[in-house]
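Asker: Sequence first, predicted coordinates after that:
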Amino acid sequence: MPNLNSAIDLDFKKFFRWWKRELSFLIPEKIKQLVNDQRGTIIVRPEGNQFALSYWFAWRDEPLIKVDRDEQGIAKFKELLASDERLQKADLVFRLTRKYAIQKELSLPVAAKENLYQVVTYELSRYSPFSAEHAYYAVKALDVINEPGQIRVVLILTAREVLDTFCRDIKAFGMVPKFADYEDVPNDLEGNEEPYNLLPEWLREKSDNTAQLIHGLLTGIVALLMLSALALPVWFESRSVNELQRKIAAIEKDAKSTKALQAEVDALVDETQQLIDKKTEKPPVVSVLDTLSKLIKDDTWLAYAQYASGQLQVQGESPAASSLISVLEASDIFANAKFVSPVTRDNVTKLERFQITVDITKAGDIIKPGDTNGSEQ
């Protein structure tokens, strides 16, 4: 279970190696071939009086040849290089087998991380059967979960006398190894990790960073171009969207103003229509009285008339008051005609006194002048 109290270790070199490896997946294969020289690696392993050679490329280790560590072996090695173009530009690694090297895992205080080599040098005789003067050794931090305040490392070492003998033979072969490592703790030939090196200083490859810088520069340029190719369309699309949003905002502002004006117009229209409807809901008083005068015969007299709230009330005298109900009901603008008080007879005039109410309807054609004979009241 991981310890949440442990400090976070930020290894920037490891991060950038990981970042470079992840970016390589974005680069098309054809472009990779342009910037990558496609070099494999010749791995040389000692086997008694011979060197066993293999070719490592794309995670495959292809056995090549075994050569004696003498003049004939040197000649065979040179013939092999001349016959295979891929070997001429390949890197070379010298890899010790279990017969010639050992390893040991150690747990050290975390304070020793910055000076691992010096700390192990000081205690080498305690960690191994060799002293610092009689061994070539390297220390590599392990990528494991450490205990609080501790780090796990692996110590790889070989006897100086053994490796010096191999190094003299390597030099006689004309080999220039990048590094020497141990088969049980091999370096990552893809370059994703910082390699350790058991070679003595006099045989180590003199570093020429020019090619590496050019390769890194080209890789960086390609990565930048790829990122630009991914980011620019998004950026242009974002600009287009922002421009459209700006135009839409302006249109929406005009649309809101138009909607507000339309709402005001609609309100005025509704208000006007209500006034018109209210005005036309019942016929005008003049029209009602004119129609009433045309419907009632000349022998009928009106003494009182009141028009209010869509209802007309009349009082008067008539020879036959009951016939007035049917006359009014027959009209298109009158409805619900009825007596509101009993009909009485005037002893002097011998006419019937009446009081009638009738509703005024909106529908119906008002009797125009000249349609029927009537008298003005």
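Answerer: Received, thanks.
Asker: Where does pLDDT dip in the stretch 51-200 of the chain?
Answerer: By pLDDT under 70, the stretch 51-200 of the chain contains no weakly predicted segment.
Asker: mind listing the helices for it?
Answerer: Assigned by DSSP state H, counting those that start in this stretch, the helices in the stretch 51-200 of the chain fall at 71-83, 85-88, 116-122, 124-127, 160-173.
Asker: Name the residues of the second one that come out as buried.
Answerer: It refers to helix 85-88. Across helix 85-88, burial judged by 16 or more other C-beta atoms under 10 Å covers Leu87. Where you see a C-beta, it was placed from the backbone N, CA and C, and this is true even at glycine.
Asker: Could you list every helix and strand in contact with that helix?
Answerer: With contacts taken as 3 or more C-beta pairs under 8 Å, 6 or more residues apart in numbering; DSSP states H and E, helix 85-88 sits against strand 50-57, helix 71-83.
Asker: From Phe354, how far off is Leu328?
Answerer: Leu328 sits 11 Å away from Phe354, going by C-beta to C-beta, to the nearest Å.
Asker: Of all the helices and strands packed on helix 85-88, which one is nearest Ser228?
Answerer: Ranking the helices and strands packed on helix 85-88 by their distance to Ser228 (criterion: C-beta to C-beta) puts strand 50-57 first, at 31.7 Å.
Asker: export that closest one as PDB, just CAs?
Answerer: What follows is strand 50-57, C-alpha atoms only, in PDB (Å, rounded to 0.1, in the frame of the first residue of the first chain):
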ATOM      1  CA  GLN A  50      34.900 -15.800 -27.300                       C
ATOM      2  CA  PHE A  51      32.700 -12.800 -27.800                       C
ATOM      3  CA  ALA A  52      29.000 -13.600 -28.600                       C
ATOM      4  CA  LEU A  53      27.500 -10.900 -30.800                       C
ATOM      5  CA  SER A  54      23.800 -10.200 -31.300                       C
ATOM      6  CA  TYR A  55      21.900  -7.400 -33.000                       C
ATOM      7  CA  TRP A  56      19.100  -5.700 -31.000                       C
ATOM      8  CA  PHE A  57      16.500  -3.600 -32.800                       C
END
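Asker: angle of it against helix 71-83?
Answerer: Put simply, strand 50-57 runs at 20 degrees to helix 71-83, going by axes from the mean of the first three to the mean of the last three C-alpha atoms, to 10 degrees.
Asker: Show me what strand 50-57 is in contact with.
Answerer: With C-beta atoms under 8 Å, 6 or more residues apart in numbering as the contact definition, strand 50-57 has outside contacts at 40-46, 61-69, 73, 77, 80, 86-87, 90, 169, 173, 189.
Asker: again, but for stretch 85-99
Answerer: 37, 39-47, 55, 57, 64, 80-82, 158, 163, 166, 170, 175-184, 186-187, 189, 198-199.
Asker: Next, the distance between the ends of it.
Answerer: Start-to-end span of stretch 85-99 (C-alpha to C-alpha, to the nearest Å) is 32 Å.
Asker: Glu271 looks like it's in a helix, true?
Answerer: Yes - according to DSSP: H, G, I helix; E, B strand; the rest coil, Glu271 belongs to a helix.
Asker: rewinding a little: so which of the contacts of strand 50-57 are in strands?
Answerer: Judged by DSSP state E, strands contain the following of the contacts of strand 50-57: 41-46, 61-68.
Asker: which of those lies closest to Ala229?
Answerer: Nearest to Ala229 out of the ones in strands among the contacts of strand 50-57 is Thr41 (C-beta to C-beta; 32.5 Å).
Asker: Relative to Asp84, how far out is that closest one?
Answerer: Thr41 is 14 Å from Asp84, by C-beta to C-beta.
Asker: Over to Gln103?
Answerer: Gln103 is 33 Å from Asp84, by C-beta to C-beta.
Asker: Can I get the buried part of the contacts of strand 50-57 as one ChimeraX selection?
Answerer: Selection of buried members from the contacts of strand 50-57 for ChimeraX, criterion 16+ other C-beta under 10 Å:
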select :40,41,42,43,44,45,46,64,67,69,73,77,87,90,169,173,189
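Asker: burial measure for Ala138, as a count.
Answerer: Look at Ala138: counted by other C-beta atoms under 10 Å, it has 24 neighbours.
Asker: That should have said Asp359, apologies.
Answerer: Quick note: Asp359 (other C-beta under 10 Å) scores 16 neighbours.
Asker: again, but for Tyr127
Answerer: Neighbourhood size, Tyr127 [other C-beta under 10 Å]: 14.
Asker: isn't it right next to Ile102, touching?
Answerer: No - taking contacts as C-beta atoms under 8 Å, Tyr127 lies outside contact range of Ile102: 10.6 Å.
Asker: where does the stretch 251-377 of the chain have low pLDDT?
Answerer: For the stretch 251-377 of the chain, the stretches flagged by pLDDT under 70 are 277-282, 362-377.
Asker: That one: helices as residue ranges?
Answerer: 285-295, 322-329.
Asker: Gly316 pairs with what?
Answerer: Leu302, Phe354 (DSSP bridges).
Asker: what's the answer for Gln311, then?
Answerer: Ala308, Asp359.
Asker: That one: how many residues sit nearby?
Answerer: Gln311: 13 surrounding residues under other C-beta under 10 Å.
Asker: Please apply the same query to Ala255.
Answerer: Neighbours of Ala255 under the rule other C-beta under 10 Å: 11.
Asker: Now do the contacts for it.
Answerer: Taking C-beta under 8 Å, 6+ apart, one finds nothing in contact with Ala255.
Asker: Arg160 versus Val119, what's the distance?
Answerer: In terms of C-beta to C-beta, Val119 sits 20 Å off from Arg160.
Asker: circling back to that earlier point, indicate which one of the helices of the stretch 251-377 of the chain is closest to Leu227.
Answerer: helix 285-295 (87.2 Å).
Asker: now the closest one, how far from the chain's geometric center?
Answerer: A distance of 80 Å separates the centroid of the chain from that of helix 285-295, by C-alpha atoms, centre = their mean, to the nearest Å.
Asker: With only the CA atoms kept, save it in PDB.
Answerer: Below are the C-alpha coordinates for helix 285-295, written out as PDB (Å, rounded to 0.1, in the frame of the first residue of the first chain):
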ATOM      1  CA  VAL A 285     -79.000  54.900 -27.900                       C
ATOM      2  CA  VAL A 286     -80.200  56.900 -30.900                       C
ATOM      3  CA  SER A 287     -80.500  53.700 -32.900                       C
ATOM      4  CA  VAL A 288     -82.300  51.900 -30.100                       C
ATOM      5  CA  LEU A 289     -84.800  54.700 -29.700                       C
ATOM      6  CA  ASP A 290     -85.300  55.000 -33.400                       C
ATOM      7  CA  THR A 291     -85.900  51.300 -33.700                       C
ATOM      8  CA  LEU A 292     -88.300  51.400 -30.800                       C
ATOM      9  CA  SER A 293     -90.300  54.200 -32.300                       C
ATOM     10  CA  LYS A 294     -90.700  52.300 -35.500                       C
ATOM     11  CA  LEU A 295     -91.900  49.100 -33.800                       C
END
